[in-house]
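Engineer: generate a structure from the sequence data that follows.
(3 chains)
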Amino acid sequence: MRENKVVLDVQDLRVSFKTRRGMVHAVNGVSFTLHQGEIMALVGESGCGKSVTVNAVMGLVGKKKHELVQGRVDFAGQDLLIKPEKEMKHIRGNRIAMIFQDPMTSLNPVIPVGKQVAEPGIIHKNLTPSRAWEDAVAMLGRVGIPTPALRARQYPFQFSGGMRQRSIIAMSLMCDPEILIADEPTTALDVTIQAQILKLLLELRGNTDVSILLITHDLGVVAETCDTVAVMYAGEIVEQAGVADLFSAPYHPYTAGLMNCLPKLGMDKRMRPIPGQPPVLTGLEPGCKFRNRCAYAEPQCAGDQALRRVAENHFCSCWKEGVMNG
Amino acid sequence: MLRYACKRILSAVPVLLLISIVVFFSVRLVPGDFATIVLGNLYTDEAAAALRQQYGLDQPLPQQYLIWLGNLFQGDFGYSYISRQPVAELLLKALPVTLELTALSLLFAIFIGIPLGYVGGYHRNRLPDSCVSVLGLIGISVPNFWLGSMMILTLSLTLHLFPSGGFVPLSSGLAANLRSMFMPAVALGGAVSAVVMRSSRSAMIEVVDQEYIKMARAKGVYGLRLILGHVVRNTMINIVTILGLQTGSLLGGSVVIEKIFSLAGVGSLALRAISNRDYLLMQGTVLFITTMFVLINLIVDLSYSLLNPQIKY
Amino acid sequence: MQDLLYRFFHNRLAVFGSALLLVFVILALFAPLLAPFSPYYMDTNAILQAPGDVHLLGTDNLGRDILSRIIYGSRISLRVAFTSVTFATICGVLLGISAGFFGGLIDHLLSRVTDVMFSFPEILLALLIMSILGSNINNIIIAISIVYSPIFARIARGAALNIKNSLFIEASRSIGVPNRALLLKHILPNIMPPVIVQITLSLAFAILAEAALSFLGIGAEPDTPSWGIMLSDGYAWLELGWWVSVFPGIAISLAVLAFNVLGDSLRDLLDPKLKNVG
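Structural biologist: Numbers count the residues shown, from 1 in each chain, chains lettered A, B, ... in the order given. Next comes the predicted model:
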């Protein structure tokens, strides 16, 4: 992190959906800050609310009748959640960019890749199509695509998965955004390609100082790439810390449980999965949402659990504060 | 691409050949002796035999077929027994009417059906969509010839806005021509529009849900640019397919509309030929219509490679 | 299955379509009880009478009550539609499954035949067949059956091919499940959804086809209270008696609408992947 300048400040974000089966509380009071040049991970199992959180920040969720969003998302001194759609359009792809999980389906199959990469330049920076094309070709080169001028004229089906994801990253960086949100960018890729993409992200952060919000369920990715981590469970952040601190001494039983699920070289025989299932997101009760699966649960866990500071730059919502660290 | 086009055209040939065989033999299956119809009261056995010999109908069927086929390739479609004119000439005279009717109906379908379908699909499950869905359902349920009758009743007989029938050729003036074609084109084009509308609606719904559209939105693409630049191109294959199929339905279904509006097109020519057991005219018109349909579907097939870059034969 | 029935009765479109269809079925079944007059009775004192107290929907040029003819007409339309589509479905599906499942020569032959049949516009093909067979109700049924068999064959063939190549069939085969069991237990149930949807669509088209053919004079005999013939009569007397055309036309539109609405709702319920209506 070059400076401590805050680029994104999410305060008590809550997202609920009205469905036939009742209100689904996908995000329940998430707060975090993202600094310039910081790579922050949002980690959690499927369904913990990480995608919904970033979609709400981008304004891609919350505009429909059955979607309810509350809280405040500070970006450049303004609250994104109350911004009207016509202003949000100019922020998306321009100042905050987002890339999605599946590179195979994120590109329009009937439009040449170069044109798709060039598009943000045309829309947001008012470039002429030919100028935008040149920039796009240059950007494709920067993300490591060989013979970019030739490739830019090709269609997505002629690209491999890794190359497509690189193109999508190129597309997202065309307007030099302040924040890049990557929603599981490597989940659909092979491990070797995964490593390349992560390396690319680190390089880009080094060159442009872009802040990256990385959504993933893979702790390995987190360890390799990120500066800070926020662990989410059932729509809440249960622990937040710098990567080194989190891995060496997790304070929340859930985090510890996640790490125990990772096979390690030289470990003893059995892996210990976390027993039980994540809670259903309708009809959530107050208190710690993890207590039904926690080995250390006590009656006090039913009370309100807020994130509290447990060490320098390390927050945890479990009042037992690292009971498993002994 | 050229290679595929040739391959595709060549594969259409056996189909056309089979069609010609089916047309020829099914026409001969139609009961009713043409000699009786042509000679009427003057029927005698000798006259009938002489007539048959004159038109080569006394030869064995397969031979008649080959002669007919051979003549076809020389542009000779044979003679209409009833009207004593070359079939080719009768077809040529009827062609402009059918072509114009088909073209106008298609235009109607394209410029009204497709956009309405898009609007419905884009605003799925909201008011515009309900209107479009209802309109589409009604459009495919109302018989087009009844719609034609109703239009004649209101616009022609009651309000005197349009002529109730008869074709005014272009040579007599564009305005008069369009006035005479307006109601038939709307009656015929209405049902086709409804089918196309429903099809473009479902294509829009399907495409709008795709990941790459979500991606486009996330990079700030919106409004007309999103629809025209990103969505439409992906719906084209489905829509072009439906248009191709509907053209066939236009070619055949025009029969009834032509009757109602007294238009002398290929459809009514075919109908007349069938009623009169005018063999060669029947063969000529039916073969013509089916060949047109096969060609149209061929063109639709070939257009796929233009619409979807992955299809590079 | 129970879930399907539950969803069916909670789908507004499905309920509307079924209710409308039910109206026509009742009209057809109980025609003699519901119709105020015989459809053939000619009241010479009431020629081309406008809708009124005695003849609710008016009379035609021969003094026949329009309402009664419409009610009896539903018999003809429904009979033609259901019979012809049943034949078309059975023939088409059998041929299609055989072609898809056994492949080879059967498949090749069937594909050529359906290609040729698809090249004919429907009305034209029906016209041709009717001119060979002759004009009466039963021949209309045969003609429509022939015209609509290819589409069922194509659907069945496509579905059979898909299933045939799927892994679970390979698995079943490898443990020795005989062909017949495969066909009955696996392939047939998987073909059902698109076939059912097509059935409703073809029923709708069959009614329109019968009306068109009768209108052209190539369908039912002139005296029959078929909706198509009524429209043809009405066309001749358009200026003097609008009701002779308007009411039968509305009847046809509603009956066809019922099948189309049912078809749409079934498509939603049976196969979400087909995604037509919202």
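
Engineer: please make it C-alpha for all contacts and neighbour counts, starting now.
Structural biologist: Noted.

Engineer: mind telling me what element the residue of the stretch 151-278 of chain C found nearest chain B is part of?
Structural biologist: Residue nearest to chain B within the stretch 151-278 of chain C (CA to the nearest CA): residue C:253, separated by 4.7 Å. Assigned by DSSP states H and E, residue C:253 belongs to helix C:243-270.

Engineer: could you pull up the residues touching the nearest residue to residue B:266 once chain neighbours are set aside?
Structural biologist: If the residues on either side of it in the chain are set aside, residue B:266 comes closest to residue B:94, at 5.2 Å by CA to CA, 6 or more residues apart in numbering or on different chains. Residues near residue B:94 by CA atoms under 8 Å, 6 or more residues apart in numbering or on different chains: B:264, B:265, B:266, B:269.

Engineer: between these, which sits nearest chain A?
Structural biologist: So of the contacts of residue B:94, ranked by how close each gets to chain A (CA to the nearest CA), first place is residue B:266, at 39.4 Å.

Engineer: quick one: end-to-end length of stretch B:53-69, please.
Structural biologist: Stretch B:53-69 has an end-to-end distance of 19 Å (criterion: CA to CA, to the nearest Å).

Engineer: again, but for stretch A:50-66
Structural biologist: End-to-end distance of stretch A:50-66 (CA to CA): 19 Å.

Engineer: and chain C, which residues reach chain B?
Structural biologist: Residues of chain C lying close to chain B (CA under 8 Å from any CA of the partner chain) are C:112, C:115-116, C:119-124, C:128, C:131-133, C:204, C:208, C:212, C:216, C:231, C:235, C:238-239, C:242, C:245-246, C:249-250, C:252-254, C:256-257, C:260-261, C:275-278.

Engineer: so the residue of the stretch 151-278 of chain C closest to chain B sits against residue B:146, correct?
Structural biologist: No. In this structure, residue C:253 is not within contact of residue B:146 by CA atoms under 8 Å, at 9.4 Å.

Engineer: the more surrounded of the two?
Structural biologist: residue B:146 (29 against 21; other CA atoms under 10 Å in any protein chain shown).

Engineer: which element, helix or strand, includes that one?
Structural biologist: Judged by DSSP H and E, residue B:146 forms part of helix B:144-151.

Engineer: go on, residue B:163?
Structural biologist: Per DSSP H and E, residue B:163 falls between elements, in no helix or strand.

Engineer: tell me who's in contact with it.
Structural biologist: Contacts of residue B:163 (CA under 8 Å, 6+ apart): B:156, B:179, B:180.

Engineer: ok, 6 Å please
Structural biologist: Contact analysis of residue B:163 by CA atoms under 6 Å, 6 or more residues apart in numbering or on different chains lists B:156, B:180.

Engineer: the residue nearest to residue B:266: which element?
Structural biologist: Using DSSP H and E, residue B:94 sits within helix B:87-108.

Engineer: and the next element down the chain from that helix?
Structural biologist: For helix B:87-108, the following helix or strand on the C-terminal side (DSSP H and E) is helix B:114-122.

Engineer: does that following helix reach chain C?
Structural biologist: No. Shown here: helix B:114-122 not in contact with chain C (CA under 6 Å from any CA of the partner chain), separated by at least 8.5 Å.

Engineer: and that helix, what does it pack against?
Structural biologist: In terms of contacts (3 or more CA pairs under 6 Å, 6 or more residues apart in numbering or on different chains; DSSP states H and E), helix B:114-122 is packed against helix B:127-141, helix B:174-208.

Engineer: would you pull up the residue in the stretch 1-150 of chain B closest to chain A?
Structural biologist: For the stretch 1-150 of chain B, CA to the nearest CA, closest residue to chain A: residue B:126, 11.7 Å.

Engineer: in the stretch 151-278 of chain C, which spans are helices?
Structural biologist: Ranges of helices in the stretch 151-278 of chain C, per DSSP state H, counting those that start in this stretch, are C:167-174, C:179-181, C:188-216, C:227-236, C:243-270.

Engineer: could you export those helices as a markdown table, including mean pLDDT and distance to residue A:271?
Structural biologist: Formatted as a markdown table, these follow (pLDDT from 0 to 100; distance: least, CA to CA, whole Å):
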| stretch | mean pLDDT | distance to residue A:271 |
| --- | --- | --- |
| helix C:167-174 | 69 | 33 |
| helix C:179-181 | 66 | 44 |
| helix C:188-216 | 88 | 42 |
| helix C:227-236 | 89 | 75 |
| helix C:243-270 | 91 | 43 |
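
Engineer: export the ones you listed as JSON lines, with columns for distance to chain A.
Structural biologist: Output for those, formatted as JSON lines (distance: least, CA to the nearest CA, whole Å):
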{"stretch": "helix C:167-174", "distance to chain A": "24"}
{"stretch": "helix C:179-181", "distance to chain A": "38"}
{"stretch": "helix C:188-216", "distance to chain A": "26"}
{"stretch": "helix C:227-236", "distance to chain A": "45"}
{"stretch": "helix C:243-270", "distance to chain A": "17"}
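
Engineer: may I ask which helix or strand of chain C has the lowest mean pLDDT?
Structural biologist: The weakest-scoring helix or strand in chain C, judged by mean pLDDT, DSSP states H and E, is helix C:179-181 (a mean of 66).

Engineer: what do you get for chain B?
Structural biologist: helix B:34-39 (a mean of 69).

Engineer: so which bits of the following helix or strand past it are buried?
Structural biologist: Next helix or strand after helix B:34-39 toward the C-terminus (DSSP H and E): helix B:45-54. The neighbour-count check on helix B:45-54 (16 or more other CA atoms under 10 Å in any protein chain shown) flags B:48, B:51 as buried.
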